[in-house]
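In: Sequence plus the predicted model coming up.
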Amino acid sequence: MSLGLGRYLSLSTIRQQVVGINQKVPIYNGQRVRYINLDNAASTPTLKPVLDHVLAFLPWYSAVHRGSGYKSLVSTVTYDAARTRIAQFFGADPDYHVVIFGKNTTEAINTLAARLQFEPGDMVLTTLMEHHSNDLPWRRVAKVIRADVHEDGALDRDDLERKLSLHHRRIRLVALSGASNVTGWVNDIHSIAALAHHYNIPVMVDGAQLAAHRPINLLSPNDPRHIDFLAISGHKLYAPFGTGVLIGPRHVFERGSPEFVGGGTVSLVTPLGVEWAMPPAKDEAGSPNVIGVIALASALAILDDLGLDNIALHEQSLTDYALMQLGQIAKLKLYGSKKTQDMNRLGVISFELEGYDHALVAAILAFYGGIGVRSGCFCAQPYIQRLLGLDPITVARLRHRHSSGEIKYLPGLVRISLSMYNTPGELNHLAKTLQEICAHSPAYWLQHLRWDDDLQCYVLRDQRLVLPKQLLFQRRGSGLLPGIL
């Protein structure tokens, strides 16, 4: 099955290829407005050509590998071609690298942590800006040390170099994000890789936040700037169908036993023993998510067609405009780089409004502006605590309040995150709504909003959230089941 796009795409037309771009949502006054999605760092929508590709494949869907039926053969060839396409997108060498599929970046990093065979005393050097998924897995297998960040949240390269020099004999891996999901700072992954390789230390890049916005090339393993391991998620690459990817040297995964065992991971099983399959099958237990893999390959083909360098320039223009608009709001404090034309950052912008709870601001934007943003700590709590200047005593108090169930009072920020399909008009509407928020006190807004313990956010006091009928589940003989909301 071809991975061709089947239509001409450009950055000027891509917006109309976004599934759900014209979806309307209810707001406080009962009207319905077109939804503005400024939460792309959490997950991106899919694109119509990706959905078309999935729908074209579904009539042919069958179990892959070892099936002799014609549909199974078609599915197997398509699935394997998708793996090859994904490898090419990231510059993987088919003779050296292996592409392993899982659910998401988090699972990919956990898989790597389990497979690197750490020994007592080993260290992992990471950074203070990491997502929890590039922090917690390493805590389970090694001693984690972190390179510090500057006051603006950028990585402190000098501190990273000091820690490498001081601990290089014990450091088994350098693990860092390609870009921050809080401030948008982009790390120079290749120069950091060269620095780590000087000490013969491999590098793992969490590419979840970077991959949709900048090219990532693993490079030849003979290049001192090469990336040893890469983890990414399809749901941040316009393919939200439940697939993640781990790419690394094949020989690493040929050694040892897989983290998850069962069907597909073996070549021979007897009552007394087991012979493991070769990678990638060895680390892909159970039936794979064929649909998700095909969707991801299709989405990457579109990004290739558009050109990630073109996407980066387009999104930089949007980011500059957003910074200009937000910078005119008196009560708003920005975090991260505030410079325009700064290619060292993505369009991920976190801020706070003086005197307003971050969750309240996000709710007002949703119910009064029809704007989707995110609030809280964005699965990067140590980084947020550092940005907010919280001292150890304050952090200890936060842990106590959290253990007492006072989740709504945890500190955090509001985050907007831009993508290639967003527009200046959407940013104008964001700025206008933020100005309206500032025109009233928090007490005014709390007359209209209430905290919902189940949803862990503010919702309108006098309106009940109801799922659209087409999203409800049917049960034979009893009509529609009630929605979760």
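Out: Arrived safely.

In: Tell me how far the closest residue in space to residue 84 that isn't next to it in sequence lies from residue 188.
Out: Setting aside the residues directly before and after it, residue 84 is nearest to residue 94 in space (CB to CB, 6 or more residues apart in numbering), at 7.2 Å. Glycine gets a C-beta too; all of them are placed from N, C-alpha and C. Per CB to CB, to the nearest Å, residue 94 is found 27 Å from residue 188.

In: Kindly report the same for residue 27.
Out: Distance from residue 27 to residue 188, counting by CB to CB: 42 Å.

In: out of the two, which sits in the busier spot?
Out: residue 27 (17 against 14; other CB atoms under 10 Å).

In: was I right about that one contacting residue 368?
Out: Yes: between residue 27 and residue 368 a contact is recorded at 6.2 Å, counting by CB atoms under 8 Å.

In: Hmm, residue 448 and residue 459 touching each other?
Out: No: taking CB under 8 Å as the definition, residue 459 is not a contact partner of residue 448, at 10.2 Å.

In: per-residue pLDDT, the most centrally placed residue in the chain?
Out: Among the residues of the chain, the one closest to the centroid is residue 208, at 4.3 Å (CA atoms, centre = their mean). Residue 208 is assigned 98 on the pLDDT scale.

In: Wait, it touches residue 231, no?
Out: Yes: Residue 208 is within contact range of residue 231, at 7.0 Å (criterion: CB under 8 Å).

In: and for those two, which residues touch both?
Out: Shared contacts of residue 208 and residue 231, defined by CB atoms under 8 Å, 6 or more residues apart in numbering, comprise residue 105.

In: per the record, what domains does the protein have?
Out: With domains defined by automatic domain parsing, the chain comprises 14-45+306-468, 52-305.

In: now, of the ones you listed, which is deepest in the fold?
Out: domain 52-305 (a mean of 19; mean count of other CB atoms under 10 Å).

In: Looks to me like residue 111 is in a helix.
Out: Yes: Residue 111 forms part of a helix when assessed by DSSP: H, G, I helix; E, B strand; the rest coil.

In: Tell me who's in contact with it.
Out: 100, 102, 246, 259, 283.

In: which SS state does residue 333 fall under?
Out: Going by three-state DSSP: residue 333 is strand.

In: Quick check, pLDDT for it.
Out: Residue 333 is given a pLDDT of 97.

In: Could you do residue 484 as well?
Out: In this model, residue 484 carries a pLDDT of 41.

In: any chance you could map the helices in this protein?
Out: 48-57, 70-89, 105-115, 136-139, 157-167, 189-197, 250-254, 290-306, 308-327, 358-369, 381-387, 392-403, 424-438, 442-446 (DSSP state H).

In: Check these for me: which has the lowest mean pLDDT.
Out: Among those, helix 392-403 scores lowest, at a mean of 82.

In: Show me what that one is in contact with.
Out: Residues outside helix 392-403 that contact it (CB under 8 Å, 6+ apart) are 385, 390, 409-411.

In: Please repeat the previous calculation with a cut-off of 7 Å.
Out: 385, 409-410 (CB atoms under 7 Å, 6 or more residues apart in numbering).

In: can I get those residues in JSON lines with distance to residue 57?
Out: Compiled in JSON lines, the contacts of helix 392-403 are given as follows (distance: CB to CB, whole Å):
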{"residue": "385", "distance to residue 57": "45"}
{"residue": "409", "distance to residue 57": "47"}
{"residue": "410", "distance to residue 57": "43"}
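
In: Can you tell me which of those is nearest residue 46?
Out: Closest approach between the contacts of helix 392-403 and residue 46, by CB to CB: residue 410, at 31.7 Å.

In: so who does the closest one touch?
Out: 398, 402.

In: likewise the one 10 residues further on?
Out: Applying CB under 7 Å, 6+ apart to residue 420 gives the contacts 11, 14, 311, 314-315.

In: wait, residue 19 sits on residue 49?
Out: No: at 10.0 Å, residue 19 and residue 49 do not qualify as touching, with contact defined as CB atoms under 7 Å.

In: Residue 211 and residue 449, how far apart?
Out: According to CB to CB, residue 211 and residue 449 sit 36 Å apart.

In: same thing with residue 461?
Out: 6 Å.

In: just residue 292 next, same as before
Out: Residue 292 is 36 Å from residue 449, by CB to CB.

In: repeat for residue 255
Out: Distance from residue 255 to residue 449, by CB to CB: 55 Å.

In: and what of residue 419?
Out: Counting by CB to CB, the gap from residue 419 to residue 449 is 28 Å.

In: Quick check, pLDDT for the closest residue to residue 416 other than its chain neighbours.
Out: Nearest non-adjacent residue to residue 416, counting by CB to CB, 6+ apart: residue 38, 4.2 Å away. Note for residue 38: predicted pLDDT of 98.

In: Kindly present the contacts of residue 111 as CSV, with separate columns for pLDDT.
Out: CSV is the format used below for the contacts of residue 111 (pLDDT from 0 to 100):
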residue, pLDDT
100, 98
102, 97
246, 98
259, 94
283, 97
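
In: so can I have a markdown table of these showing distance to residue 138?
Out: Formatted as a markdown table, these follow (distance: CB to CB, whole Å):
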| residue | distance to residue 138 |
| --- | --- |
| 100 | 18 |
| 102 | 17 |
| 246 | 15 |
| 259 | 15 |
| 283 | 18 |
